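Trainee: Have a look at this prediction, sequence included:
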Amino acid sequence: LMRAGSYPWSFTLPEKFSEKYGYDLLPRLNELFFDEGSYERTRVDYWRLVTELFSENFFKQIYEWCESRGYKFTGHLLLEEDMFNSMRSSGASMPHYEYFTIPGMDWLRRPIHDCLTPAALGSAAAQLGKKQVLSETFALAGHNVSHSDLKRIYEWQMVRGVNLLCTHLEGYSLRGIRKRDYPPAMYYQQPWWCDMNIFFDAMSRIGMLLAEGKVVADTLIIQPQSTAWKLYRGDAGESASSVRANIRHYNDALLAEMKKLERKHILYHLGDELLMQRHARTEGGKLRIGEMSYSRVIIPENLGLLPETASLLDEFVKCGGKIVSADELLPNPITEENDLTYTKRVFDNYDLHYIVNSTDSTISATFAHGNLALDIVTGEPYDFYGSHTFAPTESLVLIDTHEQRARRQGEKKTEKLSLLGEWRLK
């Protein structure tokens, strides 16, 4: 992570720069800080090289060492949630996920909010064929965090691509300052620890299904990280707020496109330009990145894509691919309730639909698919008749065997009981 206003540097960087681009960086260092000369090209070339060197000389070395010895390399990057911070911490987050056996993220505190992290991680993992996607989560949620909070925090990530839970923190002791080390303690110190397997088993059951099923997405949104590179000129001094605001504008435009698709339940991935250079090609009228293929591409507001990206997209259009906007796409008919978040997995004999209510509201919805639902606590399927009322933080796993739904028989009316606030057993 760079200090405010600083830039990553090494003794070999000027030489590597001239080898890659055919011109010297040192006479153009002023262009990293001031909007003069060919500053956009210089900044993009600089940040592109920094990102690639970090990826190859750090992550790749560790990954290859682990792979050669039968170990799995996992972990997470720092500050992946937006284009500005990911640039300052790693140049760009998505290219580095290639060199993790199990790529991961972390999530601090209880609040959830729109950001790039889980979508970028899940997209790269699917494109690179990484089955497991990890999240270190619950840190700073506090010792008094509720199980509803835990469920909401983690399922908000799972429906966007995560499938492997790594809880923070299991400390041998809570003596002294340890009890204030990014709580909660997710271990034997908790009075509810003996029952925590119910939660872990339920989340692991969903995670296993998400990991084993075939990921489905037909729409790609280009992540214009190069726009952040062009705008950054240091974030110290008087220009700091304007630099951040300018980059935030394009980051918010990207998030807006993502949000529109999520509310329409259109399954999508993000496309990183450096990953696309390594793994993208046109194939049968589609844009293929590694193991995923897309027939539609959304290009959010940007200051110009990398030349390789622009060339690839031109070829994609010539082969029959479509450049579209989120506004013009029709909603997925799975359900009309756009406050629910949705994803899908395909298996040999059935499709799995995973729907999550991350809001604090009760939502009633009907669904176009699914003849069975899964009890995530017991793992047992039961007949699903097409509608469900979601309590706050509740999720639903539907299984569609492509058979007709069973007819609803007389059923006993049940009522969800909230344990929030004060209550008493009688």
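Mentor: Looks like it came in fine. Residues are numbered from 1 along each chain as shown.
Trainee: Could you check how far the nearest residue to residue 327 once chain neighbours are set aside is from residue 19?
Mentor: Using C-beta to C-beta, 6 or more residues apart in numbering and skipping the chain neighbours, the partner closest in space to residue 327 is residue 260 (6.7 Å). Bear in mind the C-beta positions are built from the backbone N, C-alpha and C, glycine included. Computed with C-beta to C-beta, to the nearest Å, the distance linking residue 260 and residue 19 is 42 Å.
Trainee: Tell me which of the two has more neighbours.
Mentor: Neighbour tally, residue 260 and residue 19, criterion other C-beta atoms under 10 Å: the higher count belongs to residue 260, 17 against 10.
Trainee: Am I right that the more buried one is in a strand?
Mentor: No: assessed with DSSP: H, G, I helix; E, B strand; the rest coil, residue 260 is helix; it does not lie in a strand.
Trainee: can you start the count at 239 instead of 1 from here on
Mentor: In the new count, where the first residue is 239, that last one comes out as residue 498.
Trainee: does it really touch residue 564, like I thought?
Mentor: Yes: contact criterion C-beta atoms under 8 Å: residue 498 and residue 564 qualify, at 3.8 Å.
Trainee: Look up the closest residue to residue 364, ignoring the ones flanking it.
Mentor: Nearest residue to residue 364 in three dimensions, chain neighbours excluded: residue 453, at 4.3 Å (C-beta to C-beta, 6+ apart).
Trainee: show me what contacts that neighbour?
Mentor: Neighbour list for residue 453: 364, 530, 583 [criterion: C-beta atoms under 8 Å, 6 or more residues apart in numbering].
Trainee: all strands for the stretch 239-388 of the chain, in order.
Mentor: In the stretch 239-388 of the chain, the segments counted as strands under DSSP state E, counting those that start in this stretch are 312-314, 340-346, 372-377.
Trainee: do you know which of those strands lies nearest residue 394?
Mentor: Residue 394 lies closest to strand 340-346 among those, at 8.5 Å (C-beta to C-beta).
Trainee: Who does residue 509 form a beta bridge with?
Mentor: Taking DSSP bridges as the rule, residue 509 bridges to residue 460.
Trainee: Could you tell me which ranges of the stretch 539-664 of the chain sit under the pLDDT cut-off?
Mentor: 648-657, 663-664 (pLDDT under 70).
Trainee: where along it do the strands fall?
Mentor: 560-562, 579-584, 589-594, 601-604, 610-612, 619-621, 625-628, 633-638.
Trainee: Against residue 340, how distant is residue 357?
Mentor: For residue 357 relative to residue 340 (C-beta to C-beta), the value is 18 Å.
Trainee: ok, the residue nearest to residue 289 when sequence neighbours are not counted - how many residues close by?
Mentor: Distance criterion C-beta to C-beta, 6+ apart; nearest residue to residue 289, sequence neighbours excluded, is residue 329 at 3.0 Å. Using other C-beta under 10 Å, residue 329 is surrounded by 24 other residues.
Trainee: what sits against residue 329?
Mentor: 246, 285, 286, 288, 289, 290, 292.
Trainee: repeat that with 10 Å
Mentor: Going by C-beta atoms under 10 Å, 6 or more residues apart in numbering, residue 329 touches 246, 284-293, 463, 466-467, 512.
Trainee: what's the answer for residue 468, then?
Mentor: Per C-beta under 10 Å, 6+ apart, neighbours of residue 468: 273, 277-282, 285, 462, 484-485, 488, 540-542.
Trainee: Please apply the same query to residue 332.
Mentor: 289, 315, 318, 324, 341, 354, 358-359, 361-363, 365-366, 461, 463, 508-514 are the contacts of residue 332 under C-beta under 10 Å, 6+ apart.
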